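J.: Using only what follows, build the 3D model:
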Amino acid sequence: MVSRFVGRRQPAVKAATVPEAEAPLVSPASSPSGLNELLEVHKDKPPRCRVEVATHTAKNWGGRHENEDRCMAVHDCLGDSRIPFHTVGVLDGHDTDSASDLVAKLLPVAVGRRMKDGLSISQAYMEAMAEMEDRLKREHATAGTCVNSCTIAAGRVWCANLGDCRAALVLLEASATASGAAKAEVLMWLSRDHKASCPIEQKRIEAVGGSVIDGRVEGLEPSRTLGDFDVKMTVKPGVISIVPEVRSVEVDAGSTASGRRGILMCATDGVWDVMTGQDLCKLIQARKDLAAFLSPEALLEVPRAGSQALHELAEDIVQFALAKGSRDDCTCLVAMIMVAHD
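T.: All right, here's what the predicted structure looks like:
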């Protein structure tokens, strides 16, 4: 695929830098810890939260193998439907797509079932990841996959990460700019890459009896994955971890009728290897029709122009990564999160 960004001139005026921050890790004391507690927090009436999703993907340069990336996007609800929630994310498979394909189909249901049973989001993801690992063992799969999965409910986003896919949430200003575009207010990183070369991961690996050579464990670069049993059988338990890191952040409903908007982006490392958070903010602001989501009416009916712009944004991100020289599979999921009080 040839990117439409190839040869494009850079703007003469440098855009202002959008502030960046890292979402906090979820702890046992974090509140709300799960959907039931979220319902208690909003026992009078939870804010309205609507989510619109778009995806785009491109196979690796040169077609060395079939596209091993996958996306997932499932809508569900808790009990009496007072708390609808979405489970979205991306997966980056390796050594065929058998692991990423299976996990993409089964993980959202496995997580949702546990959350509806009253488990915290963190515990639900830990148990669901373990279930996926057992399922891959029964399938006799040696393939592996990284997973980045986000749960969205009542304006709160939880991100569970396993590997080197990555998620970011860009909060938008409440009104459009003078040019009619949506403006990025702040970018929140929702995950941290798990690579054997990362100092924190290397320390964890060595603490459980593993070793890192040239940034890899037995040739494997991501240090937390599902599957990859050919590697896991040669190292001590826990060296290649299946325990996800979970972070959480809130899209505040705000005090205006239109509420607040945030754009969640989950992408595989083929995108993030060549793309920065500031690149993402610029691409968002370049899609002026995204401003259609800023109106109060967008919570009731998704504007056609906005929906089209969201799909074009997902394609823009992948095309941009190709133009910047990515040679890996490139997959992006973008979700417009619209939150407001009635």
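
J.: for P108, helix, strand, or coil?
T.: At P108 the chain is in helix, as set by DSSP: H, G, I helix; E, B strand; the rest coil.

J.: Compute the number of surrounding residues for it.
T.: When counting by other CB atoms under 10 Å, one arrives at 22 neighbours for P108. C-betas here are computed from N, CA, C, even on glycine.

J.: Next one: it relative to S122, how far apart?
T.: According to CB to CB, to the nearest Å, P108 stands 16 Å off from S122.

J.: what about V170, how many neighbours?
T.: As a burial measure, V170 scores 25 neighbours (other CB under 10 Å).

J.: Using the three-state scheme, assign it.
T.: Three-state call for V170 (three-state DSSP): strand.

J.: dump the residue contacts of it.
T.: Shown in contact with V170 (CB atoms under 8 Å, 6 or more residues apart in numbering): V18, A184, E185, V186, L187, M188, G262, I263, M265, L280, C281, I284.

J.: Now I152: closest residue in space that isn't a chain neighbour?
T.: H86 (4.5 Å; CB to CB, 6 or more residues apart in numbering).

J.: and if you look at C146?
T.: Spatial nearest neighbour of C146, chain neighbours left out: G163 (2.5 Å); criterion: CB to CB, 6+ apart.

J.: residues near the one you found, how many?
T.: Here the number of neighbours of G163 (other CB under 10 Å) works out to 28.

J.: ditto for V217
T.: Counted by other CB under 10 Å, the residues lying close to V217 total 23.

J.: what are the phi and psi angles of it?
T.: Phi and psi for V217, reported as degrees, to the nearest 10, are phi -110, psi 110.

J.: Next, the contact list for the most centrally placed residue in the chain, please.
T.: Residue closest to the average C-alpha location in the chain (CA atoms, centre = their mean): C266, at 3.1 Å. Applying CB under 8 Å, 6+ apart, we find C266 in contact with V88, G89, V90, N148, C150, C165, R166, A167, C332, L333.

J.: Just the ones of these in strands?
T.: Among the contacts of C266, the ones falling in strands (DSSP state E) are V88, G89, V90, N148, C150, R166, A167, C332, L333.

J.: Surely the residue nearest to I152 is in a helix?
T.: No - read with three-state DSSP, H86 is strand and lies in no helix.

J.: Pretty sure it sits against R50.
T.: No - H86 is beyond contact range of R50, at 9.8 Å (criterion: CB atoms under 8 Å).

J.: Poorly predicted segments of the stretch 1-150 of the chain, please.
T.: Of all residues in the stretch 1-150 of the chain, those with pLDDT under 70 make up the ranges 1-15, 81.

J.: what do you get if the cut-off is 90, keeping everything else the same?
T.: Scanning the stretch 1-150 of the chain with the threshold set as pLDDT under 90 gives 1-16, 28-31, 36, 38-47, 60-65, 78-83, 138-142.

J.: low-confidence ranges in the stretch 151-300 of the chain?
T.: Filtered on pLDDT under 90, the stretch 151-300 of the chain yields the residue ranges 174-180, 252-258.

J.: Distance of K232 relative to A128?
T.: Distance from K232 to A128, by CB to CB: 19 Å.

J.: mind listing the strands for the protein?
T.: Going by DSSP E, the chain shows strands at 20-22, 48-58, 69-78, 83-94, 144-153, 156-162, 166-172, 184-189, 226-227, 245-250, 260-267, 330-340.

J.: so can I have JSON lines of these showing distance to A305?
T.: Shown next, in JSON lines, are the strands of the chain (distance: least, CB to CB, whole Å):
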{"stretch": "strand 20-22", "distance to A305": "29"}
{"stretch": "strand 48-58", "distance to A305": "12"}
{"stretch": "strand 69-78", "distance to A305": "21"}
{"stretch": "strand 83-94", "distance to A305": "22"}
{"stretch": "strand 144-153", "distance to A305": "23"}
{"stretch": "strand 156-162", "distance to A305": "25"}
{"stretch": "strand 166-172", "distance to A305": "16"}
{"stretch": "strand 184-189", "distance to A305": "19"}
{"stretch": "strand 226-227", "distance to A305": "39"}
{"stretch": "strand 245-250", "distance to A305": "28"}
{"stretch": "strand 260-267", "distance to A305": "15"}
{"stretch": "strand 330-340", "distance to A305": "12"}
